[in-house]
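**Q** Coordinates only, no sequence provided:
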């Protein structure tokens, strides 16, 4: 009877089968768990908690639902603890609650004045206040002259007490700059020790402008993190293949060619010839195009399709009207619960499709806002642009088009999420791209013409830019893929896997017994077949899995760890080109340039350190809206009329109900390697 009551209260019982004792069996992966419903929740939520292996079969929407249940429970516990603490304080001996009592003025601390509700920020004894302030200045690229301001000193005294003084501009510029630079450099030296096993990836992030200026930022990434190396002004020789080769060669030598597995570049400069020379002279180094850059090009090509471009343009007319009128924007945020209509992404065109998704989600609230008495009685309601926005919100055919675009672009956005954030993703991109194509096929199962249009775009970018032999080899070595019975590898993937092995194992000694080792891996013999190894196939990163369980094939293990430890994207940091331009300015003297180089070095590496911390935030969405984007900047005169004519040919005969899209498309059985 008690068990029945518990089941009624906890909705997660529907996801498991109750066994003897305190054991439950997950209905998705059939794994038996000790600890009852609590451990099942962590199992389904895939949260790294209490040593529970995440479920490999559960659908994404159920995972999100369970996460929300856990979060609500934690919030309830926290609220209960706070209430209990306040109650105990009230009942403490010798303390009589008196709401009318007034603390003497001289006894009130500066912090208490600033935080009268008892939430005063007290510095932890383990933290150095000077370090915290210095890192705050450097991470946010603040002008050191701020330390002269009276409000800065007042802030310090309010928190630290009267007379508290800390860090003059000169101390920041000299002592703390060099101290943080030295600490970062020492930390990087520690990371470099791991490269003998894992290797590293050099990332070249390039910016060019209409003044033929070409600036290149060099980063180095490995499983322990990504760090900024240096910034180079290549404006005078960016068309000279020999000079560019010498530049990349010098960066390789900075870290040792034996440690470098891969170089990732974007498409801002013509690097193809440079890449050919690098791979010719360094037989063990791969040259790859940035995955985020290529995925952005795919989304850009999507947006160039006439009817898609029309949808984006008219959706932008709606957001421009809202964001260009402060009163309308305030009212919209009131009805959307503070949610932004526009989403800014790490790539420009990803932002277009994320914004369409956002508008689709918030459409009912926007309709309510535009029809509320507060708005209809305002002077904005009768403006032509406002009337057009209302018409757009009421037109179901337009929104079915938006829904279609959001659904078709989501698989590509999912790949972008998978490869972003700085994690080693080279082992999953092949599978992710295959899933994206399968999702588009599934969505357009009743429309072969549109299906071909979108898949041709994906295939062209994949074959010409994104695909690398390293991606194929990593897919073959990824245990999550290799041991999936539903995956059938194409012959070309096996060929590229062998080609990569020959490159990474160039001598007969290094290839000794490699054929039998491949066989042992494929057949899951030795440690590969242990229970721990089987359970960890989907629960740990592929590189770590090989490091832990690959001892049955030592030669293949060394190659696998180096391959699977690499990133495939350069989009795990925010660019700050204005600072870089300052460094490369001709008007700066030598001392200024040295200081600015050190500032940039510390600034970028502090930002990267902060970004490396675990977070639930979407890795492809930026916190702040780009107020200069096409979704925000605009004029009052824009009036989207006769927009439906642009979509009629695309919508005729389309039964959108037959093309439902959902997370179930990304099920565990939907990855046949057909790229």
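**A** Done, it's in. Remember, it's a predicted structure, so these values are computed and weren't measured experimentally.
**Q** how much space between residue 357 and residue 190?
**A** As defined by Cβ to Cβ, to the nearest Å, residue 357 lies at a distance of 41 Å from residue 190. Using the backbone N, CA and C atoms, a C-beta is placed for each residue, glycine as well.
**Q** Residue ranges in this structure under the pLDDT threshold?
**A** Per-residue confidence for the chain (pLDDT under 70) gives these ranges: 1-9, 48-51, 74-126, 209-211, 268, 571-591, 634-675.
**Q** Repeat the analysis, applying 50 as the threshold.
**A** Along the chain, segments meeting pLDDT under 50 span 1-8, 86-125, 636-675.
**Q** where along it do the strands fall?
**A** Here the chain has its strands, by DSSP state E, at 16-18, 23-26, 32-34, 200-208, 214-222, 225-233, 260-265, 286-289.
**Q** Which one of the ones you listed lies nearest to residue 166?
**A** Among these, the nearest to residue 166 by Cβ to Cβ is strand 225-233 (26.9 Å).
**Q** OK, contacts around residue 363?
**A** Neighbouring residues of residue 363 by Cβ atoms under 8 Å, 6 or more residues apart in numbering: 393, 399.
**Q** 10 Å instead, please
**A** Going by Cβ atoms under 10 Å, 6 or more residues apart in numbering, residue 363 touches 318, 392-393, 399, 402-403.
**Q** same deal with residue 496?
**A** Contacts of residue 496 (Cβ under 10 Å, 6+ apart): 430, 467-473, 475-476, 490.
**Q** PyMOL command for the buried members of the residues you listed?
**A** Selecting only the buried entries of these in PyMOL, with 16 or more other Cβ atoms under 10 Å as the criterion:
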select buried, resi 430+467+468+469+470+471+472+473+475+476
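**Q** Check the contacts of residue 496 and tell me the two furthest apart.
**A** 470 and 490 (16.4 Å).
**Q** Can you add neighbour count and give the contacts of residue 363 back as TSV?
**A** Formatted as TSV, these follow (neighbours: other Cβ atoms under 10 Å):
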residue	neighbour count
318	22
392	22
393	19
399	17
402	20
403	18
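**Q** Could you list which of the residues you listed belong to helices?
**A** 318, 392-393, 399, 402-403 (DSSP state H).
**Q** so can I have CSV of those residues showing distance to residue 562?
**A** Shown next, in CSV, are the ones in helices among the contacts of residue 363 (distance: Cβ to Cβ, whole Å):
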residue, distance to residue 562
318, 50
392, 53
393, 53
399, 49
402, 44
403, 44
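**Q** quick one: residue 248 and residue 216 touch, right?
**A** Yes: using Cβ atoms under 10 Å, residue 248 is in contact with residue 216, at 9.3 Å.
**Q** got the buried residues for stretch 41-58?
**A** Buried, per 16+ other Cβ under 10 Å, within stretch 41-58: 41-46, 52-56, 58.
**Q** just how off-centre is that stretch within its chain?
**A** Computed by Cα atoms, centre = their mean, to the nearest Å, the chain-centroid distance of stretch 41-58 equals 21 Å.
**Q** separation between residue 212 and residue 204?
**A** According to Cβ to Cβ, residue 212 stands 18 Å off from residue 204.
**Q** who has more neighbours, the two?
**A** residue 204 (24 against 10; other Cβ atoms under 10 Å).
**Q** what's near enough to touch the more buried one?
**A** 216-219, 232, 234, 244, 247-248, 251, 263-266, 268-269, 271, 274, 290, 570 are the contacts of residue 204 under Cβ under 10 Å, 6+ apart.
**Q** what does residue 534 give?
**A** 479, 483, 524, 528, 549.
**Q** Now the first one: closest residue in space that isn't a chain neighbour?
**A** The reference is to residue 479. Leaving aside its chain neighbours, residue 479 sits nearest to residue 537 (4.3 Å; criterion: Cβ to Cβ, 6 or more residues apart in numbering).
**Q** How about the backbone phi and psi for that neighbour?
**A** Phi and psi for residue 537, reported as degrees, to the nearest 10, are phi -60, psi -40.
**Q** Distance check, it against residue 427.
**A** 12 Å.
**Q** between the two, who's got more neighbours?
**A** residue 427 (29 against 20).
**Q** Now do the more buried one against residue 439, distance only.
**A** For residue 427, the distance to residue 439 - Cβ to Cβ - is 20 Å.
**Q** again with residue 317
**A** Residue 317 sits 29 Å away from residue 439, going by Cβ to Cβ.
**Q** and residue 508, how many neighbours does it have?
**A** Residue 508 has 7 nearby residues by other Cβ under 10 Å.
**Q** before we move on, what about the one 10 residues further on?
**A** Close neighbours of residue 518, defined as other Cβ under 10 Å, add up to 19.
**Q** My read is that it contacts residue 473, right?
**A** No: the pair residue 518 and residue 473 fails to qualify as a contact (Cβ under 10 Å) at a distance of 11.6 Å.
**Q** joint contacts of those two?
**A** 494, 497-498, 501.
**Q** what's the farthest-apart pair in these?
**A** Within the shared contacts of residue 518 and residue 473, 494 and 501 form the most distant pair, 10.7 Å apart (Cβ to Cβ).
**Q** circling back: now render the contacts of residue 496 as TSV, adding distance to residue 600.
**A** As requested, those are exported to TSV (distance: Cβ to Cβ, whole Å):
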residue	distance to residue 600
430	35
467	34
468	30
469	34
470	30
471	32
472	37
473	35
475	37
476	40
490	45
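**Q** quick one: which of the contacts of residue 496 sit in helices?
**A** 430, 469-473, 475-476.
**Q** What residues does residue 17 make contact with?
**A** Residue 17 neighbours (Cβ under 10 Å, 6+ apart): 23-27, 30, 32.
**Q** ok, 7 Å please
**A** Applying Cβ atoms under 7 Å, 6 or more residues apart in numbering, we find residue 17 in contact with 24-25, 27.
**Q** Which of the residues you listed are buried, as a ChimeraX select command?
**A** To isolate the buried members of those in ChimeraX, using 16+ other Cβ under 10 Å:
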select :24
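**Q** and which of the contacts of residue 17 is nearest to residue 157?
**A** For those, the nearest to residue 157 is residue 24 (56.6 Å; Cβ to Cβ).
**Q** Nearest residue to that closest one in space, please, no chain neighbours.
**A** Once flanking residues are discounted, residue 24 sits nearest to residue 16: 4.2 Å by Cβ to Cβ, 6+ apart.
**Q** Tell me who's in contact with the closest residue to residue 532 other than its chain neighbours.
**A** With sequence-adjacent residues excluded and distances taken as Cβ to Cβ, 6+ apart, residue 532 is closest to residue 549, at 7.1 Å. Contact partners of residue 549, counting by Cβ under 7 Å, 6+ apart, are 527-528, 530, 533, 536.
**Q** Out of these, which sit inside helices?
**A** Among the contacts of residue 549, the members falling in helices (DSSP H) are 533, 536.
**Q** Quick check on the shared contacts of residue 518 and residue 473: which are buried?
**A** Buried members of those, scored by 16+ other Cβ under 10 Å, are 497, 501.
**Q** ok, of the shared contacts of residue 518 and residue 473, which one's closest to residue 461?
**A** After measuring the shared contacts of residue 518 and residue 473 against residue 461 - Cβ to Cβ - the closest member comes out as residue 497, at 22.5 Å.
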